[in-house]
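Asks: Need a 3D model of the following:
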Amino acid sequence: MPPLRLFQFASLTQKGLRGASCRRAHLHLASGGTQTITKPADSRTRSRPLALAGAGSVLCAWYLLQEPLSLEEAPESSIRVEPETCVRFPSTIQPPSCPPLTLVGLGVRVVSFLKFKVYAVGFYAEPALLQTTEDAPFEEKIERIIQTSACAIRIVPVRSTSYTHLRDAFIRALRLRIVDLKKTRNLFLDEENALEESLQRLKGIFPISSFEKNSSLLVYSVPEVHGGLKERTLIFDGLGEIQSTWMAANFFYTYFTGKGVSPALLKSVKESLISKKIWMAELL
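Replies: Numbering: from 1, shown residues only. Got it, this is the predicted structure:
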């Protein structure tokens, strides 16, 4: 039986089997659906299907692994847990019109001197590039991934906030990237105008509404070849998209240059790429 796709879980309800011998995992999918998975505390049994009861009397198969599998064999329904927030992330996702992406690292976004945790974040990329044997510094590896791979950032707020606050943080980080760019060379007027226009488009796609705790936002980009040139679009799932190769790349660079938007994510991804040990599915 082939691995189950994420969209096959989108209709699962938050009511599942409950008991002292079971654990639950809530996965808020990019489509906005909520997935509740239950499984025995003993996670070393292979291929034991569990019935999940809910409003729609949904029945699905859950593969429990006896031993670690390779990256290609890991079931898409398996998850990892961000340790600081206990937010759960699927080890593999497949956004629309995108190849399967594998979880590379996890972290948390912290703000102010009081160290408020705002959201948990996971970084995903294509497995083929992650498994490269190339012996190169982290900076070169992450640049290659961002420039040539489909990749994604999945954000799950751990406290209720607003899309406006999230948007403003993105724009501040991108403006700093523009400042750094100007330090390396003089920009032509049309270049500056194009960058400013893309920032204004980014402002326009975010709703003036709350970004609720434990909801999720998936931001991803897929390289597309047009006339021999690779162009990229940055897609905010369910909100809109920005057609800008510069923004599509630099949005991800904000997480992996300097201290990064989330130093914890930067450290996690760096450890994964340098050690060449890609994050594998770890069952509850």
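Asks: which stretches of this protein form helices?
Replies: Ranges of helices in the chain, per DSSP state H, are 127-130, 138-148, 163-184, 189-205, 245-256, 263-275.
Asks: of those helices, which approaches residue 82 most closely?
Replies: Within the helices of the chain, the stretch nearest residue 82 is helix 263-275; the backing value is 8.4 Å (CB to CB). (Each C-beta comes from the backbone N, C-alpha and C, glycine too.)
Asks: which other helices and strands contact that closest one?
Replies: In terms of contacts (3 or more CB pairs under 8 Å, 6 or more residues apart in numbering; DSSP states H and E), helix 263-275 is packed against strand 101-111, strand 116-125, helix 138-148, helix 245-256.
Asks: and the second one, which residues are buried?
Replies: The one in question is strand 116-125. Neighbour-count burial for strand 116-125, counted by 16 or more other CB atoms under 10 Å, picks out 117, 118, 119, 120, 121, 122, 123, 124, 125.
Asks: Now compare those and name the two farthest from each other.
Replies: Of all the pairs that the buried residues of strand 116-125 form, the one spanning the most space (CB to CB) is 117 and 125, at 24.4 Å.
Asks: picking that back up, can you lay out the buried residues of strand 116-125 as CSV showing pLDDT and distance to residue 79?
Replies: Converted to CSV, the buried residues of strand 116-125 look like this (pLDDT from 0 to 100; distance: CB to CB, whole Å):
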residue, pLDDT, distance to residue 79
117, 94, 19
118, 95, 21
119, 97, 17
120, 98, 12
121, 98, 15
122, 98, 10
123, 98, 15
124, 97, 13
125, 95, 18
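Asks: Return the member of these nearest to residue 250.
Replies: Of all the buried residues of strand 116-125, residue 250 sits closest to residue 123, with 14.9 Å by CB to CB.
Asks: can you pull the contacts of the nearest residue to that closest one once chain neighbours are set aside?
Replies: What sits nearest to residue 123 in space, not counting adjacent residues and going by CB to CB, 6 or more residues apart in numbering, is residue 104, at 4.9 Å. Residue 104 is in contact with 123, 124, 125, 130, 268, 269, 272, 273, 278, 279, counting by CB atoms under 8 Å, 6 or more residues apart in numbering.
Asks: Tabulate these (CSV), appending distance to residue 170.
Replies: Output for the contacts of residue 104, formatted as CSV (distance: CB to CB, whole Å):
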residue, distance to residue 170
123, 15
124, 18
125, 20
130, 25
268, 20
269, 19
272, 24
273, 24
278, 27
279, 25
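Asks: Appreciated, that's everything.
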